[in-house]
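In: Everything below, folded, please.
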Amino acid sequence: MSKFKPHIALLVCNILWAMDYPFYNIVLPEYVHPMAMVSGSLIATALLSLIPLAWEKSEKVARTDIRRLIGAALLIGVLRKVFIMYGLSMTSPIDGSIIDTIVPLLVLVVSVLLGMDRFTKLKVAGLALGMAGAVAVVLTGISAAHTHSHLWGNILILLCACVTSLYMVWFKRLIAKYRITTVLRWLYCTAAIVALPFGLRAIIHTDYAAIAQHALFPTLFVLIVPTYLPNLMLNYALKTVQPTVSSIYTYLQPVLAIAISVAMGLDKLHLDTVIFALVIFTGVALVLRSYAAHPDAPASRTH
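Out: Numbers count the residues shown, from 1 in each chain. From the prediction side, this is the model:
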């Protein structure tokens, strides 16, 4: 049973992440301003990150690493949250979930630029396919047939994927140096402090009565669930499961997000979107295949 636990953890965290997209679409921006959601979700995550201190001693962080952790917090905690909240407030959950699957491709690009990886024919072919599919999905935002989609919202989701990829590669060694609970505590406490002044006014002017009446569960879900708990499960799984294997589970996210969104009437599935998604999946699969003999390749993700 123990050998299945990491895979169960990967399955659960990807299901939770898939639920992000339709629930964000319900809440943003009708009931909660995107900046209020950024600040609120970071505060909730920061409070959750303090809970492990009840049973584990605080881990000492080297002074030279504090500045790097603050930089990581600004990148993945604040900037990524801003991009995804504003992006999903303007576009469809289906487009958002599909665009976000290009993270492994962007990880490859960043790794090559930083001299940590190199291109091969298979990687270039996969990158070309995946990026072509992603650009096609982004551009559906200007199509009159895609009424739920929006070009600028899709661009923001693409920027969100870029930020995630940069974080995963640039801060990989720093993250591996400390306990995941320590890293998450530094990231989200710092991010919450930075974001609060920008979201405080929006939080104060939020119509909480309307939320309680019409969108209580999705609001509580996106505030509390998607960030801290799934990241703990992901990092637990990565202790025994290769990143290339864990990345396969990310394919569940757009499939589940599409199913939930269509079932809830939040979006419509178009044939061209399915084709573009398959192009992206094929590109990512080619890149992952090139790493089959190199299990240390970066291929996981963070929310």
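
In: Grab the nearest non-local neighbour of V262.
Out: Excluding its sequence neighbours, the residue lying closest to V262 (Cβ to Cβ, 6 or more residues apart in numbering) is L269, at 5.6 Å. Every C-beta, even on glycine, is put in place using the N, C-alpha and C of the backbone.

In: my read: that neighbour touches I260, true?
Out: No. Between L269 and I260 there is no contact under Cβ atoms under 8 Å: 11.7 Å.

In: Compare the two and say which one has the larger neighbour count.
Out: Legend: neighbour count by other Cβ atoms under 10 Å for L269 and I260, higher for I260 (21 against 13).

In: can you pull the pLDDT of the more buried one?
Out: Looking at I260, its pLDDT reads 84.

In: how close does it sit to F4?
Out: To F4, I260 is 25 Å away according to Cβ to Cβ, to the nearest Å.

In: do L106 as well
Out: Per Cβ to Cβ, L106 is found 31 Å from F4.

In: V194 too?
Out: V194 is 39 Å from F4, by Cβ to Cβ.

In: more crowded one of these two?
Out: Neighbours per residue, other Cβ under 10 Å: of V194 and F4, the larger number sits with V194, 16 against 9.

In: State the distance from that one to Y178.
Out: With Cβ to Cβ as the criterion, V194 and Y178 are 20 Å apart.

In: For the strand or helix carrying L106, buried residues please.
Out: Assessed by DSSP states H and E, L106 sits inside helix 103-113. Neighbour counts over helix 103-113 (16 or more other Cβ atoms under 10 Å) mark 103-111 as buried.

In: and what of stretch 41-53?
Out: Within stretch 41-53, the residues scored as buried using 16+ other Cβ under 10 Å are 41-46, 48-49, 52.

In: and if you look at stretch 214-227?
Out: 215, 218-219, 221-227.

In: same question, stretch 123-141
Out: Residues 123, 126-127, 129-131, 133-134, 136-138, 140-141 are the ones in stretch 123-141 that count as buried (16+ other Cβ under 10 Å).

In: Would you tell me which helix is longest in the chain?
Out: helix 180-204 (DSSP state H).

In: Next SSE downstream of the helix or strand A212 falls within?
Out: Using DSSP H and E, A212 sits in helix 208-214. Next helix or strand after helix 208-214 toward the C-terminus (DSSP H and E): helix 216-224.

In: quick revisit: so how far is the helix holding A212 from its chain's centroid?
Out: Distance, stretch centre to chain centre, for helix 208-214: 27 Å (Cα atoms, centre = their mean, to the nearest Å).

In: who's in contact with it?
Out: Helix 208-214 has contacts (Cβ atoms under 8 Å, 6 or more residues apart in numbering) with 27, 31-32, 219.

In: does E30 sit in a helix, a strand or a coil?
Out: Three-state call for E30 (DSSP: H, G, I helix; E, B strand; the rest coil): coil.

In: Backbone dihedrals for it, please?
Out: phi -60, psi -40 (degrees, to the nearest 10).

In: now it, nearest residue through space, not along the chain?
Out: A215 (7.8 Å).

In: So, low pLDDT: which residues of the stretch 151-300 of the chain?
Out: Applying pLDDT under 70 to the stretch 151-300 of the chain flags residues 238-239, 242-248, 291-300.

In: what mean pLDDT would you report for the helix or strand in which A132 is found?
Out: When elements are assigned from DSSP H and E, A132 belongs to helix 121-139. Here helix 121-139 scores 85 as its mean pLDDT.

In: Dump the next helix or strand after that helix to CSV, keeping only the CA atoms.
Out: Downstream of helix 121-139, the next assigned helix or strand under DSSP H and E is helix 151-170. Below are the C-alpha coordinates for helix 151-170, written out as CSV (Å, rounded to 0.1, in the frame of the first residue of the first chain):
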residue,chain,number,x,y,z
LEU,A,151,-7.3,37.3,-25.5
TRP,A,152,-5.9,39.3,-22.6
GLY,A,153,-7.1,36.8,-20.1
ASN,A,154,-5.3,34.0,-22.0
ILE,A,155,-2.1,36.1,-22.2
LEU,A,156,-2.2,36.5,-18.4
ILE,A,157,-2.5,32.8,-17.9
LEU,A,158,0.4,32.3,-20.3
LEU,A,159,2.5,34.8,-18.3
CYS,A,160,1.4,32.8,-15.2
ALA,A,161,2.9,29.6,-16.7
CYS,A,162,6.1,31.5,-17.6
VAL,A,163,6.5,32.7,-13.9
THR,A,164,5.9,29.2,-12.6
SER,A,165,8.6,27.8,-15.0
LEU,A,166,11.1,30.4,-14.0
TYR,A,167,10.5,29.7,-10.3
MET,A,168,10.8,25.9,-10.7
VAL,A,169,14.2,26.2,-12.5
TRP,A,170,15.8,29.2,-10.8
